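> A predicted structure for the sequence below; I have some questions about it.
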Amino acid sequence: MTHKTDTAGMPAPQALTPCRHLVLVLGDQLGWDSPALDGFDPAQDRLLMIEADSEAGEVWNHQARIAIFLSGMRHFANEAHRRRWPCTYMKLGDPSLPGDFAGRLAHALNTHRPRALVVMETGAWRMERLIEDTAAQAQLLLRWVSDTHFLCSRAEFAKWAGDKKELRMEFFYREMRKRHGVLMEGQEPIGGQWNFDADNRKGFGAKGPGTVP
């Protein structure tokens with residue numbers, strides 16, 4: 001069996017064999033320090049990157065942003081090619097593949113039959129559910145890796161939230177400022193004020209802001 005979308009820039013048909021880990025890299029996770037890539041072995045693992053029409057239209061996006069987003073993905077895939085890391089890259093407009101993200105992911109899972117699909121936590125619950133459902137339908141092990149982009153992990157936030165009846169961002173925001181020493185003097189905010197939300201809610205009036213210091 002061959003696959004004609006093996007790299008972003010230069011297609012390189014090759015025989016495919018089942019792999020150990022198929023590592024899905026999403027378009028907002030383009031970093032070689034990603035924890036999803038820890039322990040990646042080019043001899044038995046493979047990267048997977050998916051362009052899909054369904055994602056471009058999920059929320060409103062400027063065309064320039066979409067172009068830059070796809071450009072970043074393709075540069076990442078080309079770097080993987082230079083590193084000789086196996087990478088299946090599914091480009092927009094490939095008539096041999098389904099058009100939606102879930103369909104393309106299912107196609108990749110059925111083609112490569114990895115022992116596990118490895119994915120770093122996504123930035124959207126919708127995408128996370130989609131990946132989980134697709135992996136379940138393919139009856140494949142799905143391994144989530146914690147996202148290290150944030151100062152607070154999901155587990156830490158869940159611990160903070162506990163059984164609180166009200167989750168107010170302001171209280172979490174203060175806790176994080178204290179923990180990481182952001183604009184703090186000891187346990188107090190620099191200047192003695194946590195925020196200027198009350199001032200920011202005031203209107204300028206019909207004549208506009210005038211001279212703003």
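Great, that's in hand. Numbers count the residues shown, from 1 in each chain.

> in this structure, which spans are strands?
21-24, 45-50, 87-90, 116-120, 141-145, 184-185, 188-189 (DSSP state E).

> What residues sit buried inside the lowest-mean-pLDDT helix or strand in the chain?
Least confident helix or strand, the chain: helix 53-56 with a mean of 74, by mean pLDDT, DSSP states H and E. When burial is assessed from 16 or more other Cβ atoms under 10 Å, helix 53-56 yields the following buried residues: Glu55. The way it works is simple: take the backbone N, C-alpha and C, and place the C-beta from them, glycine included.

> Please tell me how far it is from the chain's geometric centre.
Offset of helix 53-56 from its chain centre (Cα atoms, centre = their mean, to the nearest Å): 15 Å.

> How about residues contacting that helix?
Contact with helix 53-56 is made by 27, 66, 92, 99-102, as judged by Cβ atoms under 8 Å, 6 or more residues apart in numbering.

> Between which two of those residues is the distance greatest?
Across the contacts of helix 53-56, no pair lies farther apart than Ile66 and Ala102, at 19.4 Å, counting by Cβ to Cβ.

> Give me the buried positions along whichever helix in the chain runs longest.
In the chain, taking DSSP state H as the definition, the longest helix is helix 63-82. Of the residues in helix 63-82, 66, 69-70, 73-74, 76-78, 80-81 count as buried by neighbour count, 16+ other Cβ under 10 Å.

> Of these, just say which sits nearest to Gly31.
Of the buried residues of helix 63-82, the one sitting nearest to Gly31 (Cβ to Cβ) turns out to be Phe76, at 8.8 Å.

> re the thing from before, and the contacts of helix 53-56, which are buried?
For the contacts of helix 53-56, buried by 16+ other Cβ under 10 Å: 66, 101-102.

> Next, Arg20: phi, psi?
phi -70, psi -60 (degrees, to the nearest 10).

> Report the contact partners of it.
If you count contacts by Cβ under 8 Å, 6+ apart, then Arg20 has 41, 44-45, 114-116 around it.

> For the chain, which segments count as helices?
Under DSSP H, the chain gives helices at 53-56, 63-82, 101-112, 125-137, 154-161, 169-180, 197-200.

> burial of Cys87, as a residue count?
24 (other Cβ atoms under 10 Å).

> can you tell me how far it sits from His112?
Cys87 sits at a distance of 12 Å from His112 (criterion: Cβ to Cβ, to the nearest Å).

> anything in contact with each of the two?
46, 48.

> which regions of this protein sit below the pLDDT cut-off?
By pLDDT under 70, the low-scoring segments of the chain are 1-17, 56-58.

> Against Arg82, how distant is Lys164?
49 Å.

> before we move on, the earlier item: Ala155: which of the contacts of Arg20 is nearest?
Ala116 (21.0 Å).

> these two touch, right, that closest one and Leu140?
Yes. Here Ala116 reaches Leu140: they are 7.0 Å apart, a contact under Cβ atoms under 8 Å.
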